[in-house]
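Peer 1: Predicted structure and sequence below. I'll ask about it afterward.
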Amino acid sequence: MLLMILGVITTITGCNSGWSIGNLDISPSDSIYIDYLIITDQDSSQHWYVTNTVNNGIVIGENYCYKHHIWEDVRKKSE
């Protein structure tokens, strides 16, 4: 009986082409654009960090790598 009720509700309301949360439509223009600073490591692996306005766009120390989903310790290589 529950499945039949859910089937009727789904049929009546239908599925539209967009997404909604709490009856609020979400469009691609609502997306947040994040500009990542991509750093290539010595072993050619890339790391994606959120840029900021100090130290040429990166915090020296703990930074969250959005590609690997972990906190990484970032240090400037002394020459």
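Peer 2: Great, that's in hand. What you are looking at is a predicted structure, and each value in this text was computed from that prediction instead of being measured.
Peer 1: can you give me the mean pLDDT across stretch 35-47?
Peer 2: For stretch 35-47, mean pLDDT rounds to 87.
Peer 1: no wait, stretch 64-78
Peer 2: For stretch 64-78, the per-residue pLDDT averages 87.
Peer 1: Please spell out which residues along that stretch are buried.
Peer 2: 65, 74 (16 or more other Cβ atoms under 10 Å). Where you see a C-beta, it was placed from the backbone N, CA and C, and this is true even at glycine.
Peer 1: Look up how far residue 64 lies from residue 47.
Peer 2: According to Cβ to Cβ, to the nearest Å, residue 47 and residue 64 sit 10 Å apart.
Peer 1: what do these two both touch?
Peer 2: Contact criterion Cβ atoms under 8 Å, 6 or more residues apart in numbering; residues shared by residue 47 and residue 64: residue 72.
Peer 1: Strand partners (parallel or antiparallel) of the helix or strand harbouring residue 49?
Peer 2: Using DSSP states H and E, residue 49 maps to strand 46-50. When pairing is defined by DSSP bridges, strand 46-50 lines up against strand 36-40 (antiparallel).
Peer 1: Which pLDDT value goes with residue 3?
Peer 2: For residue 3, pLDDT reads 86.
Peer 1: count of residues packed around it?
Peer 2: Residues near residue 3, counting by other Cβ atoms under 10 Å, number 7.
Peer 1: hang on, it in a strand?
Peer 2: No. Using DSSP: H, G, I helix; E, B strand; the rest coil, the assignment for residue 3 is helix, not a strand.
Peer 1: Use 6 as the first number for this chain going forward.
Peer 2: I'll keep to 6 as the first residue from here, and by that count the last item is residue 8.
Peer 1: and it, what does it touch?
Peer 2: Not one residue lies near residue 8 by Cβ under 8 Å, 6+ apart.
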